[in-house]
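1. Starting from these lines, generate the structure:
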Amino acid sequence: MITKIKSSIIFSAIILTTGWCQQEFEKTGTSGAHFLNISPDAKVSGMGNSVVGMPIHDVSAVFYNPGSLVHMQRTSIFTSNVQWFADINYNAFAIGRKTKYGTLVLHLRSLSSGEIEETTVVEQNGTGRTFVWNDLAVGGAWAKALTDRFSFGMNLYRVTQSIDLYSYTASVWVVDIGTYYVTGFRSLILGMSVRNFAPELNFMVNGKDATFDDYHNGETLPEPKTFRPYHMPLTFQVGVSYDFFTENKIHDLIVAVDGVHTSDSAERLNIGAQYAFMNILYLRGGLYTNHNSASIMGGIGLDLSKFMPFGTSLRFDTSMSNYGLLGFVKKITVSVGF
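-> Modelled structure (predicted):
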């Protein structure tokens, strides 16, 4: 009984990450590859993902707004672990370096469901076999400051989704673009990003359209069916941030607000704030409005850069997000710069 309950939770969580479930918003469930919309950075999640106008100084910006990558240190390394629902494992890694040609970044994101028991219409108690759902995104990004206030970035990566038991695989090239603008009005910053721009993708087996068995009245039909192509979760996000204590070396408070439009859900606002004490201890809070599951987020961070030798930086961040009936999601990230 416990195994069945866990399998149901895992399956529901995978549907959430792939966009296949029908929820309260009429556009939900019209795209796939939703693992790309899982925020890997704990400091960003702690602020409710109000990020595209935020001054992020490490390579994790590649996952949100490649235009802001120009503000990272000479070399930056980022790694993240996300404890997603039902023991689903989600990880991210990025490394970037500033050069005379601009900021160059390599990155990857991966999600694995763990083993799930296979059931069918005929064998509803299980077939005795298991399968694993895997998602992978690997690519590179480039960003350049075009003026002293305006920067532009582009991200190109390959997305692959697969189910090992059936050898199903779907792959596509994806593009993100982003801009970052220091307005010159006090500390106001404006950012914009378009993410997950790509053609449709479909499951294939050995270069041919993948098929699956169809059933009627509990019996397998003679002709298998093919999967329909599905869209990527195209996302447009514009945001602003404002620093209330730019000249204060003890206290700092940044407030950020993002408007988010996606191809498969209702528009929403992401609102967040970050308080810093001596640029060492960080307290964060944020919320989503008009979101189908997530609501309130929070997090803390510890920046040890002041105590590091040779101008290197070291930062630890963690966050907790409330997804209502689905429970809480915990994230831990580490950033290193030199």
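2. so where do the helices sit in the chain?
-> Per DSSP state H, the chain carries helices over the ranges 2-18, 42-45.
3. Which of those helices has the lowest mean pLDDT?
-> Ranked by mean pLDDT, the helices of the chain end with helix 2-18 at the bottom, a mean of 41.
4. mind listing the strands for the stretch 151-300 of the chain?
-> Using DSSP state E, counting those that start in this stretch, the strands of the stretch 151-300 of the chain run over 168-182, 189-197, 204-205, 208-209, 211-212, 215-216, 219-220, 225-226, 235-243, 251-262, 265-277, 281-289, 296-303.
5. ok, G191 - how many residues close by?
-> The number of residues packed around G191, counting by other Cβ atoms under 10 Å, is 27. C-beta here means a position set from N, CA and C on the backbone, and glycine is covered the same way.
6. should've said V194
-> So V194, with other Cβ under 10 Å, has 17 neighbours.
7. pretty sure it is touching F236, no?
-> Yes - using Cβ atoms under 8 Å, V194 is in contact with F236, at 5.4 Å.
8. rewinding a little: tabulate the strands of the stretch 151-300 of the chain (CSV), appending mean pLDDT and distance to T147.
-> Below are the strands of the stretch 151-300 of the chain laid out as CSV (pLDDT from 0 to 100; distance: least, Cβ to Cβ, whole Å):
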stretch, mean pLDDT, distance to T147
strand 168-182, 97, 9
strand 189-197, 98, 14
strand 204-205, 93, 45
strand 208-209, 88, 48
strand 211-212, 85, 53
strand 215-216, 76, 61
strand 219-220, 76, 63
strand 225-226, 87, 50
strand 235-243, 97, 19
strand 251-262, 96, 23
strand 265-277, 93, 27
strand 281-289, 94, 30
strand 296-303, 96, 29
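9. Among the ones you listed, which comes closest to F85?
-> Closest to F85 of these is strand 296-303 (Cβ to Cβ; 15.5 Å).
10. what helices or strands is the closest one leaning on?
-> helix 42-45, strand 281-289, strand 313-322 (3 or more Cβ pairs under 8 Å, 6 or more residues apart in numbering; DSSP states H and E).
11. For the first one, C-alpha coordinates in CSV please.
-> It refers to helix 42-45. C-alpha atoms of helix 42-45 as CSV (Å, rounded to 0.1, in the frame of the first residue of the first chain):
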residue,chain,number,x,y,z
ALA,A,42,18.4,28.9,-3.4
LYS,A,43,19.0,32.6,-3.1
VAL,A,44,16.7,33.3,-6.0
SER,A,45,14.0,30.9,-4.7
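12. follow-up on the earlier one: got JSON lines for the strands of the stretch 151-300 of the chain, with distance to T127 too?
-> Output for the strands of the stretch 151-300 of the chain, formatted as JSON lines (distance: least, Cβ to Cβ, whole Å):
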{"stretch": "strand 168-182", "distance to T127": "16"}
{"stretch": "strand 189-197", "distance to T127": "34"}
{"stretch": "strand 204-205", "distance to T127": "19"}
{"stretch": "strand 208-209", "distance to T127": "24"}
{"stretch": "strand 211-212", "distance to T127": "14"}
{"stretch": "strand 215-216", "distance to T127": "14"}
{"stretch": "strand 219-220", "distance to T127": "13"}
{"stretch": "strand 225-226", "distance to T127": "19"}
{"stretch": "strand 235-243", "distance to T127": "37"}
{"stretch": "strand 251-262", "distance to T127": "36"}
{"stretch": "strand 265-277", "distance to T127": "34"}
{"stretch": "strand 281-289", "distance to T127": "39"}
{"stretch": "strand 296-303", "distance to T127": "39"}
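13. Looking at the ones you listed, spot the one closest to K331.
-> Per Cβ to Cβ, nearest to K331 of the strands of the stretch 151-300 of the chain: strand 296-303, 7.8 Å.
14. Please name the strands paired to that closest one in the sheet, noting orientation.
-> Within its sheet, strand 296-303 is paired with strand 281-289 (antiparallel), strand 313-322 (antiparallel), according to DSSP bridges.
15. mind putting those strands in CSV, mean neighbour count and distance to S265 included?
-> Formatted as CSV, the strands paired with strand 296-303 follow (neighbours: other Cβ atoms under 10 Å; distance: least, Cβ to Cβ, whole Å):
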stretch, mean neighbour count, distance to S265
strand 281-289, 19, 11
strand 313-322, 19, 17
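16. Out of those strands, which gets nearest to R97?
-> Using Cβ to Cβ, the nearest of these to R97 is strand 313-322, at 14.3 Å.
17. residues making contact with that closest one?
-> 41-43, 45-46, 58, 73, 282, 284, 294-305, 308, 328-338 (Cβ atoms under 8 Å, 6 or more residues apart in numbering).
18. Over to stretch 73-85?
-> Contacts for stretch 73-85 (Cβ under 8 Å, 6+ apart): 9-10, 12-13, 16-17, 38, 40-42, 57-60, 89-98, 111, 313, 323, 326-327, 329-338.
19. Filter these down to the ones in strands?
-> 89-98, 111, 313, 329-337 (DSSP state E).
20. among those residues, which ones are buried?
-> Burial by neighbour count, judged by 16 or more other Cβ atoms under 10 Å, picks out 90, 92-96, 98, 111, 313, 329-331, 333, 335-337 from the ones in strands among the contacts of stretch 73-85.
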